[in-house]
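S.K.: Structure here, sequence nowhere to be found:
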C-alpha cells in the first residue's frame, strides 16, 4: 500500500511537471497578458499629408530628453491648410543620447490595450476633426493612423492634445479614456 502511494505521488508529480513544461513551451511571451511592456515614449512624431496635395506634408515632433520635470521639451507647431483633409500617422520613440528605439510596433502589437485620443482646443476646437482609421482585434479604434479634416474659416491658432491611453487596469470601450496614459502632448496648431 505504501509503495502504491509513492508511485501515485511520483506519477502525479511527473504529470504536473510535464503539463507545466508543455504550457510554458506553447505560450508565446510576445503576446497575451504576460507580454512585456514597452519603454516609456519621450519622442512623438505626428505626420500629416494633404490628401489633395501630397507636397503639403506637415511633420511635428515632441521631444522631452529628460522626461517629466527638468528641461523644457521641444515641441514643433502643426501648420495646417484651411479647408483641407489630411491622412495622418503618429510614431513613438524612446530616445536617449544618440540611441533611439522606435516603440510604434509595440503599441501596434499591444493595440487591444492602447488607444490614441485627439482633442482640438482653443481656436481650432470645432475646426479640426480627427478620426482614427485603424482598429484593434475587437474593432475598436487605435489611432496610430487617422484622418484630419480642417474646416473652412478664418486663420486661427489652437492646440491639438494627443493622448495615448493605456488600458490594462480598465476595459477599453473605444470611447472613454483610460486613467493611465503613456503619452500626453499639446501640439501648437496654426491654420492658415
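M.R.: That came through, no problem. These figures come from a predicted structure and were not determined experimentally. Residues are numbered from 1 along each chain as shown.
S.K.: CA atoms for contacts and neighbours, from now on please.
M.R.: Noted.
S.K.: and residue 160, how many neighbours?
M.R.: The number of residues packed near residue 160 is 22, by other C-alpha atoms under 10 Å.
S.K.: counting contacts, what elements does the helix or strand containing it pack onto?
M.R.: Using DSSP states H and E, residue 160 sits within strand 156-166. Judged by 3 or more C-alpha pairs under 8 Å, 6 or more residues apart in numbering; DSSP states H and E, strand 156-166 is in contact with strand 114-122, strand 181-191.
S.K.: one more time with 10 Å, if that's ok
M.R.: In this structure, strand 156-166 makes packing contacts with strand 78-80, strand 114-122, strand 128-132, strand 181-191, judged by 3 or more C-alpha pairs under 10 Å, 6 or more residues apart in numbering; DSSP states H and E.
S.K.: how about JSON lines for those strands, with mean neighbour count and distance to residue 46 added?
M.R.: Shown next, in JSON lines, are these (neighbours: other C-alpha atoms under 10 Å; distance: least, C-alpha to C-alpha, whole Å):
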{"stretch": "strand 78-80", "mean neighbour count": "22", "distance to residue 46": "9"}
{"stretch": "strand 114-122", "mean neighbour count": "21", "distance to residue 46": "11"}
{"stretch": "strand 128-132", "mean neighbour count": "20", "distance to residue 46": "12"}
{"stretch": "strand 181-191", "mean neighbour count": "18", "distance to residue 46": "9"}
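S.K.: Tabulate these (CSV), appending mean pLDDT.
M.R.: CSV is the format used below for those (pLDDT from 0 to 100):
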stretch, mean pLDDT
strand 78-80, 98
strand 114-122, 98
strand 128-132, 98
strand 181-191, 96
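S.K.: Which of these sits closest to residue 108?
M.R.: Comparing the helices and strands packed on strand 156-166 by their distance to residue 108 (C-alpha to C-alpha), the top pick is strand 114-122, with 8.4 Å.
S.K.: And the helices and strands packed on strand 156-166: which comes nearest residue 69?
M.R.: With C-alpha to C-alpha as the measure, strand 181-191 is the member of the helices and strands packed on strand 156-166 nearest residue 69 (14.0 Å).
S.K.: neighbouring strands for the closest one, and are they parallel or not?
M.R.: Using DSSP bridges, strand 181-191 pairs in its sheet with strand 78-80 (parallel), strand 156-166 (antiparallel).
S.K.: who touches the first one?
M.R.: Strand 78-80 is contacted by residues 46-50, 56-61, 86, 128, 148-150, 155, 157-160, 187-192 when judged by C-alpha atoms under 10 Å, 6 or more residues apart in numbering.
S.K.: Give me the buried entries from those residues.
M.R.: By neighbour count, with 16 or more other C-alpha atoms under 10 Å, the contacts of strand 78-80 hold 46-50, 57-61, 86, 128, 148-150, 157-160, 187-191 as buried.
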